[in-house]
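1. any chance you could fold what I've pasted below:
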Amino acid sequence: MTKTPTSPKGKFPYTFRSSWALLLLGVNFLVAAIYFGVAKI
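-> Here you go, the predicted structure:
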């Protein structure tokens, strides 16, 4: 088996997965800022 640069079937492309990871990380920091009183909403 040789590895191909294209993503195999059944898996999302890395751009889609990394964009979701960055979005969730940003939400996590936002919740942490609210929790510690840094951000007031």
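
2. spatially central residue in the chain, please.
-> Ala21 (0.6 Å; CA atoms, centre = their mean).

3. quick check: the gap between that residue and Val38.
-> 22 Å (CB to CB, to the nearest Å). Bear in mind the C-beta positions are built from the backbone N, C-alpha and C, glycine included.

4. for Leu23, same thing?
-> 20 Å.

5. same check on Val31?
-> For Val31, the distance to Val38 - CB to CB - is 11 Å.

6. likewise Ser19?
-> Taken as CB to CB, the span from Ser19 to Val38 is 25 Å.

7. cool, Ser18 as well?
-> 26 Å.

8. what does Val27 give?
-> Val27 is 15 Å from Val38, by CB to CB.

9. how about Phe16?
-> Phe16 is 30 Å from Val38, by CB to CB.

10. where does the protein dip in pLDDT?
-> 1-10 (pLDDT under 70).

11. now the helices for it?
-> Here the chain has its helices, by DSSP state H, at 14-35.

12. what about Leu30, how many neighbours?
-> Burial of Leu30 is recorded as 13 neighbouring residues (other CB atoms under 10 Å).

13. against Ala32, how distant is the nearest residue to it once chain neighbours are set aside?
-> Nearest residue to Leu30 in three dimensions, chain neighbours excluded: Ala39, at 6.9 Å (CB to CB, 6 or more residues apart in numbering). To Ala32, Ala39 is 9 Å away according to CB to CB.
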